[in-house]
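1. the sequence isn't on hand, but the structure is:
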């Protein structure tokens, strides 16, 4: 919690002074009570429980004043609220290691089935884009809320050699945050490739200048969308996925990673009777999630993967944002004042105790 007007908190120092004034008034009343001919009359007037009851309303008033001063300082806190619109980009590994049969019938078939279920249960306020990556990364489906287009994109997956996890993450990040001005050519193929392309296009009409790079923000602070990265193998080509994750973190984008396949690895059928063994790189996926303030989930079976996507549904409808809560404290102060008044009237007001005029 932080306060937009912290100077108002200095007024809280007056509360101990109010307590001292109240204690002084109590001492004066005790001295005046000694003038009664019999203290028994005072005890009868107070009734049972009167000793502690008389302190309750002043304590409530004091608490109300404290709450009002805190409200005046305009406190704000990070709270979880329903999201009006959220954007997700799913980056799916389509390398040949997804043919491993440690997941029945194989990894890619189980992943596609879980993705279809996930898409079919998407809330209406969610747009989804799909990126596939193997030796390179490509956009399979641009951002849309048309479920039939997303399901058709899942069916278009084609397995290839290589695993460029960093490329898949960068393409997904560029789709999610087009305002960030990410130069995919230099990020994926190197600055030399991008410079050569610029030299070749120097004779062409000038294109609009790309957006300026955004200043880094706190990881996870961009709450309007996220990336879901699903992979089963180790990066074999392309940019370092850890460096790509740092770029996502600088933009405040969370990357939720899913490790698919058994931890012992799975056999990939090959040509000529040869086969290969694919092992899951959990360390990299966990580090990507940690850097970006995302979450890592292990899915060792088709059922596990379906549960991971189901959990994503419960997280998508909410977003965390900083909100002022001064109105809540002001309401608490009003309730405490009304309660103090009500208890005073109930415990201490006697209709016949007020003197009548002209008596």
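-> The structure has been received and is ready for your questions. Since we're looking at a predicted model, the values are computed, not measured.
2. right, and residue 156 touches residue 140 too?
-> Yes: if you go by CB atoms under 8 Å, residue 156 and residue 140 touch, sitting 6.1 Å apart. C-beta coordinates here come from the backbone N, C-alpha and C atoms, glycine included.
3. out of these two, which sits in the busier spot?
-> Comparing residue 156 with residue 140 by other CB atoms under 10 Å, the one with more neighbours is residue 140, at 21 against 11.
4. residue 27 versus the more buried one, what's the distance?
-> 80 Å (CB to CB, to the nearest Å).
5. what do you get for residue 341?
-> Distance from residue 341 to residue 27, by CB to CB: 25 Å.
6. the more surrounded of the two?
-> residue 341 (13 against 9).
7. can you pull the contacts of that one?
-> Contacts for residue 341 were tallied using CB atoms under 8 Å, 6 or more residues apart in numbering; they are residue 57.
8. switch to numbering from 47
-> Let's use 47 as the start, then, which means that last one is residue 387.
9. are we agreed that it is in a helix?
-> Yes: checked against DSSP: H, G, I helix; E, B strand; the rest coil, residue 387 lies within a helix.
10. pLDDT wise, what is it at?
-> What the model reports as pLDDT for residue 387 is 86.
11. again with residue 196
-> 95.
12. I'd like the next helix or strand past the strand or helix carrying it.
-> Following DSSP states H and E, the helix or strand that holds residue 196 is helix 193-201. Next helix or strand after helix 193-201 toward the C-terminus (DSSP H and E): helix 211-222.
13. helix or strand next in line after that following helix, which one?
-> That would be, after helix 211-222 and using DSSP H and E, helix 230-235.
14. what about that following helix, average pLDDT?
-> The average pLDDT within helix 230-235 is 81.
15. just stretch 123-138 next, same as before
-> Here stretch 123-138 scores 75 as its mean pLDDT.
16. what about that stretch, how long is it end to end?
-> 36 Å (CA to CA, to the nearest Å).
17. same check, this time on stretch 352-371
-> Stretch 352-371 has its terminal residues 38 Å apart, counting by CA to CA.
18. for stretch 267-276, same thing?
-> Length of stretch 267-276, first residue to last, CA to CA: 22 Å.
19. also stretch 112-131?
-> 38 Å.
20. check the offset of it from the chain's centre.
-> Distance of stretch 112-131 from the chain centroid (CA atoms, centre = their mean, to the nearest Å) equals 16 Å.
21. got the buried residues for it?
-> Using 16 or more other CB atoms under 10 Å as the test for burial, stretch 112-131 gives 112, 113, 114, 115, 116, 117, 118, 119, 120, 121, 122, 129.
22. and for stretch 341-348?
-> Neighbour-count burial for stretch 341-348 [16+ other CB under 10 Å]: 341, 342, 343, 344, 345, 346, 348.
23. how much space between the fifth one and residue 66?
-> Yep, that's residue 345 we're talking about. Taking CB to CB, one finds residue 345 at 63 Å from residue 66.
24. quick check: phi and psi at residue 228.
-> Main-chain dihedrals, residue 228, degrees, to the nearest 10: phi -70, psi 120.
25. relative to residue 338, how far out is residue 278?
-> Distance, residue 278 to residue 338, by CB to CB: 20 Å.
26. I meant residue 381, not that one.
-> Counting by CB to CB - residue 381 and residue 338 are separated by 42 Å.
27. who's more crowded, those two?
-> Remark: of residue 381 and residue 338, residue 338 carries more neighbours, 29 against 13, as counted by other CB under 10 Å.
28. report the contact partners of that one.
-> Neighbour list for residue 338: 265, 266, 291, 294, 295, 299, 300, 301 [criterion: CB under 8 Å, 6+ apart].
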